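model this:
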Amino acid sequence: MIFNIITIFPKIFDSYFGESILARAQKENIIEIKIHNLRDYTTDKHKTVDDTPYGGGAGMVLKVEPIYNSVQNVLNVETVGGFKDDSINIKGREKDNENRIILFSAKGKKYTQADAQRLSGYKNLILICGRYEGVDERVAENIIDEEFSIGEYVLTGGEIPAMLVVDSISRLLPGVLGNSESLLEESFNNVEDVQNVQIVENGDNYNKQSDKTSKAINHLEYPHYTKPEDFNGWKVPEILLSGNHKEIEKWKKQNSS
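Numbers count the residues shown, from 1 in each chain. Okay, the predicted model is just below:
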């Protein structure tokens, strides 16, 4: 799976994507993360990506032209299968089951585990990181497929949401986690959805999942404990030390929310 991230701060991602599970997934060619500098798609010598808003107001707005050019380049050059027609109507890709274009903004719909499961069925995600006061609305109207927010608060840009989306989707792909059973009891996960993701491991293409099958049960995992059994008088529940697997499973279900 390929993640194409469009940003004006490409080096922000180096440390996070260069460590732990995501670093290993890239090394093993399970995922590929490509960072595109939005300034490379400008047409003036100053590489201008923003301008003042029409109608007045505080702050600067990211321009539609460089975003269009960057997305067009990714679709034509970077994507699996590719789109070789420079005049392609980006928005008119109703039958494009390989690529998905996403913008991060405060007014987008809230990103959930169900979205992560659904999006894991695509070959390529194009993630546009907003900045400044916002993004020219013509991007949302004519270029993207979906607009996401990760919560009811304001961030300085879309780079952290992009990291979050890459992380949450990558760990659903076959081979990324060392133990695939780790997915089965995770918070917010629907077991059937996770098993659907695992089915695609032997195929050339990932199975596409529709919104109807991406239903995440909104539950939280049971509490976890490890050694020592007693620390400062804080003890592990006795049932977990009993060896009675039936009662332990019962305890886990009772303590999940």
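
those strands in this structure, which residues are they?
2-7, 32-37, 50-51, 61-62, 99-110, 124-129, 134-135, 146-149, 230-231, 234-235 (DSSP state E).

Pull out the buried residues from the fifth one.
Neighbour-count burial for strand 99-110, counted by 16 or more other C-beta atoms under 10 Å, picks out 99-105, 108. For the C-beta atoms, the positions are set from N, CA and C on the backbone; glycine is no exception.

Could you tell me the angle between it and strand 2-7?
60 degrees (axes from the mean of the first three to the mean of the last three C-alpha atoms, to 10 degrees).

What pairs with strand 99-110, parallel or antiparallel?
strand 124-129 (parallel), strand 146-149 (parallel) (DSSP bridges).

Not counting its own residues, what contacts the shortest one?
The contact list for strand 146-149 (C-beta atoms under 8 Å, 6 or more residues apart in numbering) reads 100-111, 115, 140, 161, 165.

Max pairwise distance over these: which two?
100 and 106 (20.4 Å; C-beta to C-beta).

hey, where'd the helices end up in the stretch 51-200 of the chain?
Using DSSP state H, counting those that start in this stretch, the helices of the stretch 51-200 of the chain run over residues 64-73, 113-119, 137-142, 159-170, 191-199.

Can you flag the weakest of those by average pLDDT?
Of all those, helix 191-199 carries the lowest average pLDDT, namely a mean of 43.

Out of the strands of the chain, which gets nearest to residue 257?
Of the strands of the chain, nearest to residue 257 by C-beta to C-beta is strand 99-110, at 19.7 Å.

how big is the angle separating that closest one from helix 64-73?
130 degrees.

What lies in contact with strand 99-110?
So strand 99-110 is contacted by 71, 75, 79-80, 90, 93, 119, 122-130, 134-135, 139-140, 143-151, 154, 158, 161-162, 165 (C-beta under 8 Å, 6+ apart).

Same check on stretch 55-63?
So stretch 55-63 is contacted by 38, 48-53, 130-136, 139 (C-beta under 8 Å, 6+ apart).

Check which residues of that stretch are buried.
In stretch 55-63, counting by 16+ other C-beta under 10 Å, buried: 61-63.

can you list the strands paired with strand 99-110 in CSV and add mean pLDDT and distance to residue 256?
Below are these laid out as CSV (pLDDT from 0 to 100; distance: least, C-beta to C-beta, whole Å):
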stretch, mean pLDDT, distance to residue 256
strand 124-129, 97, 31
strand 146-149, 96, 27
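
Identify the residues contacting residue 245.
Neighbours of residue 245 in contact, by C-beta under 8 Å, 6+ apart: none.

So what's the residue count around residue 254?
As a burial measure, residue 254 scores 10 neighbours (other C-beta atoms under 10 Å).

how far away is it from residue 223?
11 Å (C-beta to C-beta, to the nearest Å).

before we move on, back to that, need the strands of the chain in a markdown table (columns: distance to residue 241).
Putting these into a markdown table (distance: least, C-beta to C-beta, whole Å) gives the following:
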| stretch | distance to residue 241 |
| --- | --- |
| strand 2-7 | 43 |
| strand 32-37 | 42 |
| strand 50-51 | 59 |
| strand 61-62 | 56 |
| strand 99-110 | 40 |
| strand 124-129 | 44 |
| strand 134-135 | 54 |
| strand 146-149 | 43 |
| strand 230-231 | 11 |
| strand 234-235 | 9 |
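
wait, which of those is closest to residue 15?
strand 32-37 (12.7 Å).
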